[in-house]
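Asks: make a model of this:
(chains A and B)
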Amino acid sequence: MLVKIFSTLGLLAISSSALAQSTISGTWMLEGPGTESEIALTAEGQRIQSEYDLLSDDPSLYCTPASSSRIWANPNAPIKIEQSDGLVRISYELFDLRREIPVGDESDLTGQPSTKNLNGDSFPEMGSSFARFEGDSLIIESRNHAYGYIRTSRGIPQSPNTIAIEVLEVEGEGEGEGETLHITHTYIDESMFEKPLVLEYFFRRADGTELNNYNCTDANYDWFDDLNAN
Amino acid sequence: MEKGLLLIALLSFLSFPFGLSAHHSTNANFTQEIISVNGVIERVRFQNPHASVLIKNTDEQGKETFWLIESGARTTLERQGVSLDILKVGAKVKATGRKGRREFTMYLREIEFEDGTVFIPQPDLN
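Replies: Below you'll find the predicted structure:
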């Protein structure tokens, strides 16, 4: 009897996982505004924020992702999610980023950044990640972040202590264009935040949209400043 | 149940005063003040993360100032069917857009040519 129950539960888990994989996979475009919980920075978080200069410190100026939240929350740039061979692959058009995340548990963390661009450059600002399916949700946990900025507009920092949890769920009726990918992104870092920071993003399915090569060009303004200085 | 979740998501949207623009660097780098600058196109760059047009303005005293007129990402503009081919080096234009927080920069709304024709790369932003 017990064998039968466990077999049934196992089959249910497998079918649930397969369902989540099939619905979350595909191409998505950011849709509309997201949400953000109250940001309660620690003294150290406030210090880093106060020293941040948007016009020179934004890593985006140098084609570097400031954080995974900055990359998710970019309008007009498609994101493709695929799954195979025990990996979740997320391709972001922005900066030509490719994120490979093993499906498993904490023991699958390698300590190496999970994200590279097409040139093979690694980005520890995106952290090292592992993923698991839980019901219809895909849950990605990331650690080992380099210092970066969760919000580049306001210099909201992340640190090597940051643990980030992304919960991906597909909502909406039917299949196809009516679907919404809802991501809840929770940042936990006692050195930076008095309480977890929770962000939400919403995406519409865009399976017909191709990701183009981004070929980012360093956006620093030194050459322009020099023109008016002469 | 799903409708309930959608309603909650919708209410969440409405309950927050900031939106997409609050965490997009364009809104952080450019004010809401609309300005116009006359000048001659010196350079056009159709690239990521920002396409841009460099304009040289010469004032009545003959002082030259370069203005960097930025627009969206090349990939975004291409996906919207927008090209910057109409912008030729040497053309006299009036550029209008949102004043940048960085000196002598602007986020492009429209460029008017000498013959009165107007180029608006991203009408949705106007």
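
Asks: list the buried residues for stretch A:152-163?
Replies: A:152-153, A:155-159, A:162-163 (16 or more other C-beta atoms under 10 Å in any protein chain shown). Where you see a C-beta, it was placed from the backbone N, CA and C, and this is true even at glycine.

Asks: now the residue of chain A found nearest chain B: how far from residue A:102?
Replies: With C-beta to the nearest C-beta as the measure, residue A:33 is the residue of chain A nearest to chain B, at 2.9 Å. Distance of residue A:33 to residue A:102, computed by C-beta to C-beta, to the nearest Å: 32 Å.

Asks: what residue lies at the spatial centre of chain A?
Replies: residue A:68 (3.8 Å; C-alpha atoms, centre = their mean).

Asks: and the nearest residue to it once chain neighbours are set aside, what does it touch?
Replies: Of all residues not flanking residue A:68 in the chain, residue A:126 sits nearest, at 5.0 Å (C-beta to C-beta, 6 or more residues apart in numbering or on different chains). By C-beta atoms under 8 Å, 6 or more residues apart in numbering or on different chains, the contact set of residue A:126 is A:65, A:67-68, A:71, A:97, A:99, A:113-115, A:142, A:145.

Asks: returning to what we had before: how about the buried residues of stretch A:152-163, which pair is most distant?
Replies: Using C-beta to C-beta, the pair of these lying farthest apart is A:153 and A:163, separated by 23.0 Å.

Asks: so what's the residue count around the residue of chain A closest to chain B?
Replies: When neighbours are counted by other C-beta atoms under 10 Å in any protein chain shown, residue A:33 registers 21.

Asks: from residue B:27, how far off is it?
Replies: For residue A:33, the distance to residue B:27 - C-beta to C-beta - is 12 Å.

Asks: check residue A:181 too.
Replies: Computed as C-beta to C-beta, the residue A:181 to residue B:27 distance reads 23 Å.

Asks: neighbour count: those two, which is higher?
Replies: Between residue A:181 and residue B:27, residue A:181 has the larger neighbour count (other C-beta under 10 Å), namely 24 against 17.

Asks: which parts of chain A are helices?
Replies: Counting by DSSP state H, one finds helices in chain A at the ranges A:2-24, A:43-50, A:54-57, A:68-72, A:222-229.

Asks: residues near the closest residue in space to residue A:62 that isn't next to it in sequence, how many?
Replies: Spatial nearest neighbour of residue A:62, chain neighbours left out: residue A:218 (5.9 Å); criterion: C-beta to C-beta, 6+ apart. Neighbourhood size, residue A:218 [other C-beta under 10 Å]: 11.

Asks: and what of residue A:214?
Replies: 22.

Asks: got it, and residue A:103?
Replies: 18.

Asks: tell me the spacing between it and residue B:48.
Replies: For residue A:103, the distance to residue B:48 - C-beta to C-beta - is 31 Å.

Asks: quick one: distance of the lengthiest strand in chain B to the chain centre.
Replies: In chain B, with assignment by DSSP state E, the single longest strand is strand B:30-45. Here the centre of strand B:30-45 is set off from its chain's centre by 9 Å, with C-alpha atoms, centre = their mean, to the nearest Å.

Asks: ok, stretch B:90-101 next?
Replies: Taking mean C-alpha positions (C-alpha atoms, centre = their mean), stretch B:90-101 and its chain are 9 Å apart.

Asks: residues contacting the closest residue in space to residue A:192 that isn't next to it in sequence?
Replies: The shortest distance from residue A:192 to any non-neighbouring residue, by C-beta to C-beta, 6+ apart, is to residue A:45 (4.0 Å). By C-beta under 8 Å, 6+ apart, the contact list for residue A:45 reads A:156-157, A:191-193.

Asks: which residues in chain B form helices?
Replies: Going by DSSP H, chain B shows helices at B:2-15, B:25-29, B:74-79.

Asks: ok, residue B:77 - how many residues close by?
Replies: Number of residues near residue B:77 (other C-beta under 10 Å) recorded here: 19.

Asks: do residue A:201 as well
Replies: As a burial measure, residue A:201 scores 24 neighbours (other C-beta under 10 Å).

Asks: give the bridge partners for it, please.
Replies: Following DSSP bridges, residue A:201 is listed with bridge partners residue A:183.

Asks: you'd agree it is up against residue A:33?
Replies: No. Contact criterion C-beta atoms under 8 Å: residue A:201 and residue A:33 do not qualify, at 9.2 Å.

Asks: how close does the residue nearest to the centre of chain A get to residue A:94?
Replies: 11 Å.

Asks: can you check residue A:47 too?
Replies: 29 Å.

Asks: ok, the two, which is more surrounded?
Replies: Legend: neighbour count by other C-beta under 10 Å for residue A:47 and residue A:94, higher for residue A:94 (24 against 11).

Asks: what's near enough to touch the more buried one?
Replies: Counting by C-beta under 8 Å, 6+ apart, residue A:94 has contacts A:65, A:71, A:74, A:77, A:214, B:49.

Asks: near the fourth one, how many other residues are there?
Replies: Taking other C-beta under 10 Å as the neighbour definition, residue A:77 ends up with a count of 22.

Asks: state the pLDDT value of it.
Replies: Model confidence at residue A:77, given as pLDDT, is 94.
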